[in-house]
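I need the structure of the sequence given here:
(chains A and B)
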There are 2 protein chains.
Amino acid sequence: MKIHNFSAGPSILPQEVIKKSAEAVLNLDNSGLSLIEISHRSSAFISIMDEAQNLVKELLNLPKGYSVLFLQGGASSQFLAVAQNLLKKDGKAAYIDTGAWSSKALKEARLFGNVEVVASSKDKNHTYIPKEYSIPSDASYLHLTSNNTIFGTQFKKFPETNIPLVCDMSSDIFSRELDFSKFDIVYAGAQKNMGPAGTVLVIVKDEVLGKSERQIPSMLDYQIHASKGSMFNTPPVFAIYTSLLTLKWIKSLGGIKAVEKQNEAKAAILYNEIDSNPKFNGVAAREDRSLMNVTFTLTNENNKARFDSLAKDAGLSGINGHRSVGGYRASIYNAMPIESVQVLVDVMKKL
Amino acid sequence: MKIHNFSAGPSILPQEVIKKSAEAVLNLDNSGLSLIEISHRSSAFISIMDEAQNLVKELLNLPKGYSVLFLQGGASSQFLAVAQNLLKKDGKAAYIDTGAWSSKALKEARLFGNVEVVASSKDKNHTYIPKEYSIPSDASYLHLTSNNTIFGTQFKKFPETNIPLVCDMSSDIFSRELDFSKFDIVYAGAQKNMGPAGTVLVIVKDEVLGKSERQIPSMLDYQIHASKGSMFNTPPVFAIYTSLLTLKWIKSLGGIKAVEKQNEAKAAILYNEIDSNPKFNGVAAREDRSLMNVTFTLTNENNKARFDSLAKDAGLSGINGHRSVGGYRASIYNAMPIESVQVLVDVMKKL
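Numbering: from 1, shown residues only, chains lettered A, B, ... in the order given. Next up, the predicted model:
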């Protein structure tokens, strides 16, 4: 039976990426060596790294002056690195709290100085994106989480500000066109829209670095990683190569503009079913609904066993909601085909 | 042509590990899903993680009271984490400097307090292991690097001490039987004897943690990782699974005792050739020679072009020495078959 993988992350990847990735593990480009046994200093890997960095720049239409890094430690390590690199000694940082991941990010920043939470959606269990708030002009940076995987909300518009803008885009990078010149640091764990778990993409505007007046440990220092072309230490070769395959796949589809159209179409049929079917309710405020993670609950909890059984029979996998929200969550990242979303919609109709 | 991969790391892995790893990328245990698209919270991955942790304990014969972690960021991140977790505020740490990686480790520790270099082999370009030194009893810990990949030296005996003993075993873990109850923290990047780049094994004696009186960022806090079973954040699924395959392979060979015998045999034929062939010289002091990385130079540099050409024709890959040593380095990790070492020896005889 075909499995439709709605997992929140690690999550579905394009079938052709999975096939090519497995082939490279056996024999990289007919070199006679496996991808996972070649030196990261080999010309083969250096060109993989270069191509991946350049393709990120191309797909996101990054202006000059940005470095593209593929690091380890996930977004969770960037919670810490961002504060060390940007938060001035005796300074403060501004955070928008839109859910669990924002809260974790600001908790780590507090180890390095004052954190001002300029807005929070905690009052309604993070089911919306705050719109009215003022951003302190003396903060070292403003941090936000563009898409909230657990709650199913997403920033549609980003705040205008003169202080550096830092964004955790782990769950919606490469899913929609954005003006990246407005961001100073963007980071994203690979395991949703980019590749397997094991690498985190960090995009930094070079000119914001080197100003925190802190002694930064080497592995957390973006300037060191940028100066070494993201090869300061042994990079996670497999995760970077597989991410490159995904980036090439995005390009082959017509780039992010094309992917965004597909994402809108997929989200539309699912939200449309939630809104028109009285047996389901959406979790997130309509204007803030995520195109990546669609959260919904049953109107009548007595239907749970039947819905779960229908879903299982149809091969739907990974649709349970996060424990802090309950209900269901369908993660429909770039690689999710619209046909699989239709299978879910059909199951909802059957209930 | 068969390639004999003598790369220092990422490096050769057993062929059956490579095959099974590629199979799992296509379809994990006939689940219909790829290893790299399953949730790390799935029962499939939880049992992979459990099995890997238990197999490390079994193979290393670890006593009770140790936690086994598979983290990200390589050994380079542990340079920093070790100091944060163990180095008491206003305390000092003792380091033995046996080469480039020891130096990097102690450089990061200096950000957190006093570092006393109790012994160094820098005077002879790190071609030996210091033997005579005293260890300050008031240091928070003693740090050493068991095998020095670049220079080809290896600790044969470890110092007796009452302070916590921390060891970077990146390039010789699982290669020989040791009494691990003497160590308090052992860490090892996967990409030599364990698996692909992308995870670092950390073994910690639980009772040494929680005493540094520091506020430790979550991602660097061994207690947090241990309390979450190494799943505090999304772990590097592929690298851990492939490491598990290697651990199973070691067990199937008869465990570390059997692997150690093979390693001794491989090193013996190569060092024997170096010692008996007047065209080559060993780099490391005889009594400190590494069983993992064999470093040697040409007696007459005029032979270089011919030797390189013979090596290339024989399919030898990755034998160039590190730029700080010159000459040649043959890394003969666990997965290197003795037949490949013999090919190298035959080439040396031919020169």
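
Please identify the buried residues of the one helix or strand residue A:117 maps to?
Using DSSP states H and E, residue A:117 sits within strand A:114-120. Of the residues in strand A:114-120, those buried by neighbour count under the rule 16 or more other CB atoms under 10 Å in any protein chain shown are A:115, A:118, A:119, A:120. Yep, even glycine has a C-beta here, placed from its N, CA and C like the rest.

Save those residues as JSON lines, and put in pLDDT and distance to residue B:49 too.
As requested, the buried residues of strand A:114-120 are exported to JSON lines (pLDDT from 0 to 100; distance: CB to CB, whole Å):
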{"residue": "A:115", "pLDDT": "98", "distance to residue B:49": "33"}
{"residue": "A:118", "pLDDT": "98", "distance to residue B:49": "38"}
{"residue": "A:119", "pLDDT": "98", "distance to residue B:49": "37"}
{"residue": "A:120", "pLDDT": "98", "distance to residue B:49": "34"}
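
Can you report how many residues neighbour the residue in the stretch 201-350 of chain A that chain B sits nearest to?
In the stretch 201-350 of chain A, no residue comes nearer to chain B than residue A:236, which is 3.6 Å away by CB to the nearest CB. Per other CB atoms under 10 Å in any protein chain shown, the neighbour tally for residue A:236 reads 34.

Find the nearest non-adjacent residue to it, please.
Leaving aside its chain neighbours, residue A:236 sits nearest to residue B:198 (3.6 Å; criterion: CB to CB, 6 or more residues apart in numbering or on different chains).

wait, isn't that neighbour in contact with residue A:241?
No. Counting by CB atoms under 8 Å, residue A:241 is not a contact partner of residue B:198; they are 10.9 Å apart.

So which of the two has more stuff around it?
Shown here are residue B:198 and residue A:241; by other CB under 10 Å, residue B:198 has more neighbours (33 against 26).

Confirm that one sits in a helix?
No. Checked against DSSP: H, G, I helix; E, B strand; the rest coil, residue B:198 lies outside a helix; its state is coil.

Would you mind measuring from the closest residue to residue A:346 other than its chain neighbours to residue A:5?
Leaving out its chain neighbours, the residue that sits closest to residue A:346 by CB to CB, 6+ apart is residue A:314, at 7.4 Å. In this view, residue A:314 and residue A:5 are 13 Å apart by CB to CB, to the nearest Å.

Between the two, point out the one with more neighbours.
residue A:5 (25 against 17).

Identify the residues contacting that one.
Contact analysis of residue A:5 by CB atoms under 8 Å, 6 or more residues apart in numbering or on different chains lists A:11, A:12, A:317, A:318, A:336, A:340, B:33, B:37.

Tell me which residues are up against the strand holding residue A:117.
For strand A:114-120, the surrounding residues in contact (CB under 8 Å, 6+ apart) are A:91-98, A:106, A:109, A:130, A:132-136, A:139, A:142.

thinking again about what came up before, give me the subset of the contacts of residue A:5 lying in strands.
residue A:317 (DSSP state E).

Report the residue ranges of every domain in chain A.
In terms of domains, chain A is parsed into A:15-253, A:255-350 (source: automatic domain parsing).
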